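A.B. asks: next input, structure requested:
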Amino acid sequence: MRPIREADWALFLQLHTDPNVISLCFDEPEIEVIRDKFEARLVTWSPTSNAWLCLVIIDKITDNVMGITGFIVEDNTAHVGYLLLPEFHGKQYGTESLLALLDWAESIDTITHYKAVVTEGNVSSERVLVKCGFQLQSVIPEAYEIGGKLYADHIYTRDAKVT
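C.D. replies: Predicted structure coming up:
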């Protein structure tokens, strides 16, 4: 994985517009919203920056980009997220990249917890979180709308390792 950079705009755009990626995450945003989100991810990250750490997931063998992962720290909790291109779904790349991210994040003393929000029905993302040590903390009914339908938010949490 490596930090996102300006040259990754096409990847970021695809991840935010491909129906096979976003169907259980969010409605397709306007291009300006995606661009603003992308620009915000280019900000240099530090544990106190109030910015997202956004990393591009890259296949070690082929050098192909597969998606993005990262987190933002708020009140000592790292809110994690990830999006993978459809051709990499179901191949354990989400789990592998999230485990690597969490392993690296354990060196940040200010992080005490991790949190992820998954839309109801996104079973694959829930499996990734469980494999990475997250537990379902709560369910908020009808919390999010996608395509005119209300879905529950599934809130997953994990404590940072105590050393």
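A.B. asks: list the buried residues for the helix or strand of the chain with the lowest mean pLDDT?
C.D. replies: Of all helical and strand segments in the chain, the minimum by mean pLDDT, DSSP states H and E falls on helix 19-22, at a mean of 90. Burial within helix 19-22, assessed by neighbour count using 16 or more other CB atoms under 10 Å, is assigned to 21-22. Where you see a C-beta, it was placed from the backbone N, CA and C, and this is true even at glycine.
A.B. asks: next one: stretch 35-43
C.D. replies: Neighbour counts using 16+ other CB under 10 Å place 38, 41-42 of stretch 35-43 among the buried residues.
A.B. asks: mind jotting down where the strands sit in this structure?
C.D. replies: Assigned by DSSP state E, the strands in the chain fall at 2-3, 53-58, 65-74, 77-84, 113-119, 135-146, 149-159.
A.B. asks: for I31, find the nearest of these.
C.D. replies: strand 77-84 (16.9 Å; CB to CB).
A.B. asks: need the residues that contact the closest one.
C.D. replies: By CB atoms under 8 Å, 6 or more residues apart in numbering, the residues outside strand 77-84 that reach it are 15-16, 21, 25, 57, 66-73, 93-94, 97-98, 101-102, 105, 108, 111-117, 125, 128.
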